[in-house]
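Engineer: just to be clear, the model below is a prediction. Sequence and coordinates:
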Amino acid sequence: MTSQSAATLRSRYVEQAASDLEENRRLQQELAEKIKMLKQEETLLSDIMQLAERYEGSSDPSRLPEQAQDEPALTQMRRSAQGTSAPAKAERQRSAPAKGAPVKSAAKTAAKGKSRQPLLGDLLMDLLRTYDEPRLAKELRDELLEKHPDRTPTPQVVRNTLESLVAKGRIRRHKQQRSVMYSLVDASRGESATAGSGTSPDDN
């Protein structure tokens, strides 16, 4: 083999080695890119698995992810409840009535408060008792709203109640021009109320 042919062969080997090295580097770069993509997919799948665990056991699949922020804690509570020992369950049962007690107590208090509220007719008669002169239904209602803000009857309800008291003979109706006024029927105040109105009572 001549020196020229040896040099040519050596040159070919160098070119082949350089080409192989370049191809090797290209393959390494591709593998690095694939590894990077696989890691991203792994992270994405991990997030999906965590999200699926949040919705595990949920009966409402339409809930948004931000609505399920507390789901891991709830799921853990459900799982732990299945394996909870009898003493722990008994402890929860003892504590449950304590939580419900204030609600029941408040409900009973509210029921008592409603039962103790005076009737609208009694309130209107109390207002009439403070006057010697007949009063308009509108005046009585305005004063009622001022003194009893928790009572908000409509003008029609006030008039109906007054007329009911008239029918029962507990108050009197007075007509003055186009207005209708009311006064309390009281033995000690009947005459002064009639005199103060300037008109005779009209019970018709």
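Structural biologist: That came through fine.
Engineer: burial count for M49?
Structural biologist: Number of residues near M49 (other CB atoms under 10 Å) recorded here: 10. Bear in mind the C-beta positions are built from the backbone N, C-alpha and C, glycine included.
Engineer: no no, V185
Structural biologist: Neighbours around V185, by other CB under 10 Å: 18.
Engineer: pLDDT wise, what is it at?
Structural biologist: pLDDT recorded at V185 is 85.
Engineer: with A101 instead?
Structural biologist: The model's pLDDT for A101 equals 48.
Engineer: and T84, by the same measure?
Structural biologist: For T84, pLDDT reads 50.
Engineer: buried residues, stretch 163-173. List them.
Structural biologist: Buried positions in stretch 163-173, judged by neighbour count with 16 or more other CB atoms under 10 Å: 165-166, 170-173.
Engineer: for stretch 144-163, same thing?
Structural biologist: 144, 148, 153, 158-159, 161-162.
Engineer: give me the distance between the two termini of it.
Structural biologist: 17 Å (CA to CA, to the nearest Å).
Engineer: now do the helices in the protein.
Structural biologist: Under the criterion DSSP state H, the chain contains helices at 3-54, 71-82, 86-116, 120-129, 137-147, 155-167, 190-197.
Engineer: make TSV out of the buried residues of stretch 144-163 and add distance to V14 and pLDDT.
Structural biologist: Output for those, formatted as TSV (distance: CB to CB, whole Å; pLDDT from 0 to 100):
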residue	distance to V14	pLDDT
L144	111	93
H148	108	90
P153	108	92
V158	113	94
R159	116	92
T161	115	94
L162	119	94
